[in-house]
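Colleague: the sequence isn't on hand, but the structure is:
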């Protein structure tokens with residue numbers, strides 16, 4: 001993640017001279033973000049994955065509902081079976097689902113774009129997919145929807161971030177969702193803690209551009225991914241962290257007439273392996289080559305995140321990414337964000353996250 005590298009470089013510079021059917025009554029919604037993993041699991045593994053959320057005390061689950069999975073080859077075709085299984089399994093465990101509506105099938109992309117991360121050629125067609133999802137799943141208790149993932153980066157909105165195009169998508173989709181389900185809640189797609197460079201826009205710059213076009217008035221909350229590792233969410237180093245940038249989002253929202261709009265942290269976490277050295281949080285273990293943290297440091301980050309989210313004004317939700325490591329190849333940190341290792345064994349972060357949630361519940 002480029003923003004983490006940038007955060008580490010900033011630190012080094014400074015040291016040398018980022019479907020429940022019941023309501024959740026707690027002010028802070030706590031959950032696990034699974035990304036695309038759930039829809040591809042067997043029934044047994046799907047149940048085990050969601051049991052992990054129940055085990056740590058989470059009540060929410062964030063999961064991809066990929067457009068290309070539902071309508072792979074035609075706007076007239078709907079294939080809901082894989083996500084139906086996720087809805088049923090979550091409902092059985094009294095977990096509330098936050099689906100991410102995102103990713104474009106080949107037939108709906110801009111000409112010449114070959115990735116599912118291409119923006120849809122026609123926002124109205126995407127909105128029709130969203131409306132169909134709301135009509136299907138509102139009776140199962142799903143009323144909250146996140147519109148895309150990290151649309152402020154070129155990795156997830158190709159060929160490059162486009163606030164105007166995203167606002168058009170958001171306008172069409174929010175109207176479609178609320179038409180089908182008047183109680184629908186819409187979350188602006190979780191913004192990556194990037195810089196305005198290299199094909200990305202910072203969260204504040206992207207949100208300002210969307211809000212200037214009225215996009216902030218189309219949503220009920222703003223999604224944000226303020227990864228801070230190797231630092232804690234509560235750390236306040238002189239160079240700043242993505243968590244501290246929440247105040248910048250609040251300033252943008254206030255300037256555009258929506259003061260007090262909640263922020264949903266729909267991803268937060270820390271990897272425990274990768275191509276470079278690990279940090280245990282001490283300054284001596286942080287430099288430009290640091291790519292991940294020790295398992296004990298991940299545990300400290302997990303526990304601190306719950307406490308800090310609960311103490312941060314405007315933050316209404318925290319989703320830890322993720323439940324289990326995706327693999328064992330250390331060439332990519334993306335394989336190691338889990339509370340469990342790839343073989344299912346628990347990392348110290350699992351117990352730390354569980355204890356922090358239990359402590360929050362007791363308050």
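Modeller: That came in fine, so what should we check first? Quick caveat, the model's predicted, so the values are computed rather than measured.

Colleague: from here on, contacts and neighbour counts on C-alpha atoms
Modeller: Fine.

Colleague: show me what contacts the closest residue to residue 347 other than its chain neighbours?
Modeller: For residue 347, ignoring the flanking residues on the chain, the nearest one in space by C-alpha to C-alpha, 6 or more residues apart in numbering is residue 340 at 5.2 Å. By C-alpha atoms under 8 Å, 6 or more residues apart in numbering, the contact list for residue 340 reads 323, 324, 325, 346, 347, 350.

Colleague: residues contacting the fifth one?
Modeller: What that stands for is residue 347. By C-alpha under 8 Å, 6+ apart, the contact set of residue 347 is 295, 299, 339, 340, 341.

Colleague: quick check: next helix or strand after the worst-scoring helix or strand of the chain on mean pLDDT?
Modeller: Ranked by mean pLDDT, DSSP states H and E, the weakest helix or strand in the chain is helix 2-15, scoring a mean of 41. Once helix 2-15 ends, the next helix or strand along the chain (criterion: DSSP states H and E) is strand 29-35.

Colleague: all strands of the stretch 1-150 of the chain, in order?
Modeller: Along the stretch 1-150 of the chain, counting by DSSP state E, counting those that start in this stretch, strands occupy 29-35, 60-66, 96-102, 144-149.

Colleague: show me where the protein has helices.
Modeller: Listed in chain order, the helices of the chain (DSSP state H) span 2-15, 43-56, 67-70, 81-92, 123-137, 163-180, 203-212, 246-255, 295-311, 348-362.

Colleague: wouldn't residue 252 be in contact with residue 203 here?
Modeller: No - with contact defined as C-alpha atoms under 8 Å, residue 252 does not count as touching residue 203 (9.9 Å).

Colleague: among the two, which residue is more densely surrounded?
Modeller: Ranked by neighbour count (other C-alpha atoms under 10 Å), residue 252 and residue 203 place residue 203 first, with 30 against 22.

Colleague: re earlier: for the contacts of residue 347, which one is nearest residue 199?
Modeller: Nearest to residue 199 among these: residue 339, at 31.1 Å, using C-alpha to C-alpha.

Colleague: ok, now which ones touch that closest one?
Modeller: 322, 323, 324, 325, 346, 347, 348, 349, 350.

Colleague: mind giving me the PyMOL select for those residues, buried ones only?
Modeller: Buried subset of the contacts of residue 339, written as a PyMOL selection, criterion 16 or more other C-alpha atoms under 10 Å:
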select buried, resi 322+323+324+325+347+348+349+350
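
Colleague: closest to residue 86 among the contacts of residue 339?
Modeller: The shortest approach to residue 86 among the contacts of residue 339 belongs to residue 323, at 15.2 Å (C-alpha to C-alpha).

Colleague: got the buried residues for stretch 218-237?
Modeller: Buried-residue list, stretch 218-237, by 16+ other C-alpha under 10 Å: 218-234.

Colleague: distance between the ends of it?
Modeller: 35 Å (C-alpha to C-alpha, to the nearest Å).

Colleague: list the buried residues of stretch 27-44.
Modeller: 28, 29, 30, 31, 32, 33, 34, 35, 37, 38, 39, 41.

Colleague: closest to residue 310 out of these?
Modeller: residue 28 (6.3 Å).

Colleague: didn't the closest one look like it was pressed against residue 314?
Modeller: No - taking C-alpha under 8 Å as the definition, residue 28 is not a contact partner of residue 314, at 9.9 Å.

Colleague: can you pull up the bridge partners for residue 30?
Modeller: Counting by DSSP bridges, residue 30 is bridged to residue 318.

Colleague: got it, and residue 66?
Modeller: Each beta-bridge partner of residue 66 is listed here: residue 102, as defined by DSSP bridges.

Colleague: thinking it is in contact with residue 116, fair?
Modeller: No - using C-alpha under 8 Å, residue 66 makes no contact with residue 116, being 9.3 Å away.

Colleague: quick check: neighbours shared by the two?
Modeller: With C-alpha under 8 Å, 6+ apart as the test, residue 66 and residue 116 both reach 103, 104.

Colleague: all strands for the stretch 201-350 of the chain, in order.
Modeller: Under DSSP E, counting those that start in this stretch, the stretch 201-350 of the chain gives strands at 221-225, 263-268, 278-279, 292-293, 315-321.

Colleague: helices and strands around the last one, which ones?
Modeller: By that I understand strand 315-321. Applying 3 or more C-alpha pairs under 8 Å, 6 or more residues apart in numbering; DSSP states H and E, one finds that strand 315-321 makes contact with strand 29-35, strand 60-66, strand 263-268, helix 295-311.

Colleague: now that strand: mean pLDDT?
Modeller: For strand 315-321, mean pLDDT rounds to 98.

Colleague: which residues are in contact with that strand?
Modeller: With contact meaning C-alpha under 8 Å, 6+ apart, strand 315-321 is reached by 27-34, 60-62, 262-270, 302, 306, 309, 337-338.

Colleague: if you set the cut-off to 7 Å instead, what comes out?
Modeller: With C-alpha atoms under 7 Å, 6 or more residues apart in numbering as the test, strand 315-321 has contacts from 27-34, 262-269, 309, 337-338.

Colleague: cool, stretch 201-208 as well?
Modeller: Contacts for stretch 201-208 (C-alpha under 7 Å, 6+ apart): 152-153, 161, 163, 191-196, 248-249, 252.

Colleague: mind putting these into JSON lines with pLDDT and distance to residue 288?
Modeller: Listed next are the contacts of stretch 201-208 as JSON lines, based on pLDDT from 0 to 100; distance: C-alpha to C-alpha, whole Å:
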{"residue": "152", "pLDDT": "98", "distance to residue 288": "24"}
{"residue": "153", "pLDDT": "98", "distance to residue 288": "22"}
{"residue": "161", "pLDDT": "97", "distance to residue 288": "27"}
{"residue": "163", "pLDDT": "98", "distance to residue 288": "31"}
{"residue": "191", "pLDDT": "98", "distance to residue 288": "24"}
{"residue": "192", "pLDDT": "98", "distance to residue 288": "20"}
{"residue": "193", "pLDDT": "97", "distance to residue 288": "18"}
{"residue": "194", "pLDDT": "96", "distance to residue 288": "17"}
{"residue": "195", "pLDDT": "96", "distance to residue 288": "17"}
{"residue": "196", "pLDDT": "97", "distance to residue 288": "20"}
{"residue": "248", "pLDDT": "96", "distance to residue 288": "26"}
{"residue": "249", "pLDDT": "98", "distance to residue 288": "27"}
{"residue": "252", "pLDDT": "98", "distance to residue 288": "31"}
